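**Q** Pasted the sequence and its predicted model underneath.
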Amino acid sequence: MTHSTPADPDPTDSTGRSPAADFSASGDVQPGETPPAEDQVSAPQGHEEHGPHRAVPWVWIGVIGGVAVLTALFFVGYAAGLLG
């Protein structure tokens, strides 16, 4: 029977690791090796981002509702024999 490498090797046993990738005994990365939790941007970044005007969604609802009503009227007129 041949001995094969485990599917999940221990990262501390690997060769060629850089000193910056040193792990503590618990397996965690040493302090200072991870990016800081807070962002580094303190100044405003360009333009203000506002959403669309409050009326825009209602305009789209009205347009879609109007198309739906016209479509329904067309089918009612066709069924009643008024069209075609």
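**A** Looks like it came in fine.
**Q** Need the three-state assignment for Gly51.
**A** coil (DSSP: H, G, I helix; E, B strand; the rest coil).
**Q** give me phi/psi at it?
**A** Taking degrees, to the nearest 10, you get phi -80, psi -180 for the backbone angles of Gly51.
**Q** mind starting the numbering at 15 from now?
**A** Renumbered: residue one is now 15, and that last one reads Gly65.
**Q** Just the pLDDT for it.
**A** Looking at Gly65, its pLDDT reads 78.
**Q** Can you report how many residues lie near Ala82?
**A** For Ala82, the neighbour count with other Cβ atoms under 10 Å is 10. Where you see a C-beta, it was placed from the backbone N, CA and C, and this is true even at glycine.
**Q** Then Ala21?
**A** Going by other Cβ under 10 Å, the residues that sit close to Ala21 add up to 5.
**Q** Correct me if wrong, but it is in a strand.
**A** No. Applying three-state DSSP, one finds Ala21 to be coil, outside a strand.
**Q** Quick check: the gap between it and Ala86.
**A** 62 Å (Cβ to Cβ, to the nearest Å).
**Q** Also Val77?
**A** With Cβ to Cβ as the criterion, Val77 and Ala86 are 15 Å apart.
**Q** for Arg68, same thing?
**A** 28 Å.
**Q** mind exporting stretch 67-85 as PDB, just the C-alpha atoms?
**A** The C-alpha atoms that make up stretch 67-85 are tabulated as PDB, following Å, rounded to 0.1, in the frame of the first residue of the first chain:
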ATOM      1  CA  HIS A  67     -36.800  62.100  -8.300                       C
ATOM      2  CA  ARG A  68     -39.700  60.800  -6.200                       C
ATOM      3  CA  ALA A  69     -42.200  61.100  -9.100                       C
ATOM      4  CA  VAL A  70     -40.200  58.800 -11.400                       C
ATOM      5  CA  PRO A  71     -41.400  55.500 -10.000                       C
ATOM      6  CA  TRP A  72     -45.000  56.700 -10.100                       C
ATOM      7  CA  VAL A  73     -44.600  57.800 -13.700                       C
ATOM      8  CA  TRP A  74     -43.500  54.300 -14.700                       C
ATOM      9  CA  ILE A  75     -46.400  52.800 -12.800                       C
ATOM     10  CA  GLY A  76     -48.800  55.000 -14.600                       C
ATOM     11  CA  VAL A  77     -47.300  54.200 -18.000                       C
ATOM     12  CA  ILE A  78     -47.400  50.500 -17.400                       C
ATOM     13  CA  GLY A  79     -50.900  50.700 -16.000                       C
ATOM     14  CA  GLY A  80     -52.000  52.700 -19.000                       C
ATOM     15  CA  VAL A  81     -50.600  50.100 -21.400                       C
ATOM     16  CA  ALA A  82     -52.400  47.400 -19.400                       C
ATOM     17  CA  VAL A  83     -55.700  49.200 -19.600                       C
ATOM     18  CA  LEU A  84     -55.400  49.900 -23.300                       C
ATOM     19  CA  THR A  85     -54.500  46.200 -23.900                       C
END
